[in-house]
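Novice: here is the input, now give the coordinates:
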Amino acid sequence: MGVTVAEQDLRQQDVSIEQFSILPMISLLLLAHAVISSGIGIAREWEDQSIKELLLSPASRTAILLGKVLSGFIATDLLGLVLFALGYGLGWTRPRGIFLGTSLTVIALMALFATSLGIAVGAAVRRVQTVTSLATTLSVWLFFLAGGISVLQFEPDWLKQIAAFDPLTYGTHALQMAVFYESSDLFARDLSVLGGATLLVLLAAWFAFQRRFAR
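Specialist: Numbers count the residues shown, from 1 in each chain. This is a model prediction of the structure:
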């Protein structure tokens, strides 16, 4: 008795491995760059005591924190735009219409999340060597859990449940929907989770700053 395969594609687009890989790599590079650079910058100020100069300035502590977040965000977002433009030039990431704006919004939000996370880690640890090790490990694990080296839908259920707590999962999913499928499927969920995680990390960075300044 012969056996035949009745294939029913859920999506019309075919995505090559090069196309599939570039978006998680953008997420990883954004996260690693922001967490390491922002975290080290904050930790170094405490190690060499240059943070005292900032405390003597007329700027408020909130303004100091926001300045650090803004500078890290701009640098990280520019990196994301360069990487995205490179993928666009190679024909791997070419969203059309409104989905181009969607992709840029997600990249900006991931850059803000990563920068805030780096500042929170740096303010809490205050040691350059420790921040470097912790930031590298954290970036790789968040990237792995978000399905960076495989398709998350094909992973075991227990890994999917862990990945649900990784904000990078939602950023990567939103990018894939916009770039590959020109779809807004679960975009509100992805944006809400990523935005909520960013807000929580910003609050954690603020409290870490306040506690360290109080000492």
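Novice: where exactly do the helices run in this structure?
Specialist: Remark: helices assigned in the chain by DSSP state H are 17-47, 51-56, 61-89, 98-125, 128-145, 157-163, 167-180, 187-214.
Novice: got TSV for those helices, with distance to residue 5 and mean neighbour count too?
Specialist: Where C-beta positions appear, they are placed from N, C-alpha and C, glycine not excepted. Shown next, in TSV, are the helices of the chain (distance: least, C-beta to C-beta, whole Å; neighbours: other C-beta atoms under 10 Å):
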stretch	distance to residue 5	mean neighbour count
helix 17-47	22	21
helix 51-56	64	12
helix 61-89	33	17
helix 98-125	32	23
helix 128-145	32	17
helix 157-163	26	12
helix 167-180	24	25
helix 187-214	33	16
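Novice: for residue 200, what are its contacts?
Specialist: The contact partners of residue 200, by C-beta atoms under 8 Å, 6 or more residues apart in numbering, come to none.
Novice: cutoff 10 Å now
Specialist: 113, 116, 117, 120, 167 (C-beta atoms under 10 Å, 6 or more residues apart in numbering).
Novice: out of those residues, which is nearest to residue 50?
Specialist: Nearest to residue 50 out of the contacts of residue 200 is residue 120 (C-beta to C-beta; 19.4 Å).
Novice: circling back to that earlier point, adding mean pLDDT, write the helices of the chain out as CSV.
Specialist: Shown next, in CSV, are these (pLDDT from 0 to 100):
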stretch, mean pLDDT
helix 17-47, 82
helix 51-56, 72
helix 61-89, 87
helix 98-125, 89
helix 128-145, 81
helix 157-163, 79
helix 167-180, 86
helix 187-214, 84
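Novice: distance to residue 2 added to those helices, as TSV?
Specialist: Formatted as TSV, those follow (distance: least, C-beta to C-beta, whole Å):
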stretch	distance to residue 2
helix 17-47	31
helix 51-56	74
helix 61-89	43
helix 98-125	43
helix 128-145	42
helix 157-163	34
helix 167-180	35
helix 187-214	43
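Novice: looking at those helices, which is nearest to residue 4?
Specialist: Comparing these by C-beta to C-beta, helix 17-47 comes nearest, at 26.9 Å.
Novice: report the angle between the closest one and helix 167-180.
Specialist: Relative orientation of helix 17-47 and helix 167-180, computed by axes from the mean of the first three to the mean of the last three C-alpha atoms, to 10 degrees: 140 degrees.
Novice: so what does helix 17-47 touch, helix or strand wise?
Specialist: Contacts defined by 3 or more C-beta pairs under 10 Å, 6 or more residues apart in numbering; DSSP states H and E place helix 17-47 against helix 51-56, helix 61-89, helix 98-125, helix 128-145, helix 167-180, helix 187-214.
Novice: now the ones you listed in a markdown table, with distance to residue 37?
Specialist: Shown next, in a markdown table, are the helices and strands packed on helix 17-47 (distance: least, C-beta to C-beta, whole Å):
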| stretch | distance to residue 37 |
| --- | --- |
| helix 51-56 | 17 |
| helix 61-89 | 7 |
| helix 98-125 | 7 |
| helix 128-145 | 9 |
| helix 167-180 | 18 |
| helix 187-214 | 15 |
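Novice: nearest to residue 20, out of the ones you listed?
Specialist: Closest to residue 20 of the helices and strands packed on helix 17-47, according to C-beta to C-beta: helix 167-180, at 7.8 Å.
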